[in-house]
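J.: Quick one, fold the following:
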Amino acid sequence: MEEVRRRDREGTRQRILDAARQLFAELGYEHVTMRLIAAEADANIALINRYFGSKRELFAEVLAMQGRFPGVLEGPREELPRRLAEYVADRLGSDLGSPVMTALSRSSASPEIHDIIKDRVNSAIMEPLVVLLPGEDARLRAVIATALIAGASTLHRLYGPEALGSPAREAVVARLTRVFEVCLEG
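T.: Sure, this is the predicted structure:
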């Protein structure tokens, strides 16, 4: 019986996280209510509060779900510009985009969670890039690369996959690779 209850609790918690991620990406932090999340997750508001404490803490957990910049930062340093270019090209050409980047972009104006967003961008993208880049101005180069990545999310949100027109993915990746090479070189 305890095992069934634990699985049900984990399933409910996951439904809440999934509903919150979707709603934060669609509407942004300020327009999402606990009632809306509860309705979407088919869960009681009291459970959301018990599992996460507050909407702010739930938002932080949604951001943490993705982990570090997924797979892009691992691998040989000399291939980093291409991996970043592939990531951005895939986001720009996707029908969906990244739910976490979309939630960040749509929610960035909310002062209540500004520090959460800043910490997330720092820990997931910017600081790992600083560590990977040699030279005194590594932070500057990491900030510029992060701006390109975040800007791609904003562009995708505004225009969708039509922003690129119809060039082949490889042509987009090749051009973005050159941009990241210049951006990251020491």
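J.: what about the residue nearest to residue 52 when sequence neighbours are not counted, how many neighbours?
T.: Once flanking residues are discounted, residue 52 sits nearest to residue 58: 4.0 Å by Cβ to Cβ, 6 or more residues apart in numbering. Just so you know, the C-beta spots here come from the backbone N, C-alpha and C atoms, and that holds for glycine as well. By the measure other Cβ atoms under 10 Å, the count of residues near residue 58 is 24.
J.: list the contacts for residue 58?
T.: 16-17, 20, 37, 48, 52 (Cβ atoms under 8 Å, 6 or more residues apart in numbering).
J.: With neighbour count, secondary structure and distance to residue 163 added, can I get the residues you listed in a markdown table?
T.: Converted to a markdown table, these look like this (neighbours: other Cβ atoms under 10 Å; DSSP: H, G, I helix; E, B strand; the rest coil; distance: Cβ to Cβ, whole Å):
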| residue | neighbour count | secondary structure | distance to residue 163 |
| --- | --- | --- | --- |
| 16 | 24 | helix | 32 |
| 17 | 19 | helix | 29 |
| 20 | 26 | helix | 27 |
| 37 | 24 | helix | 30 |
| 48 | 24 | helix | 35 |
| 52 | 21 | helix | 34 |
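J.: Could you double-check that residue 121 sits in contact with residue 147?
T.: No - at 10.2 Å, residue 121 and residue 147 do not qualify as touching, with contact defined as Cβ atoms under 8 Å.
J.: Sweet, I'm off.
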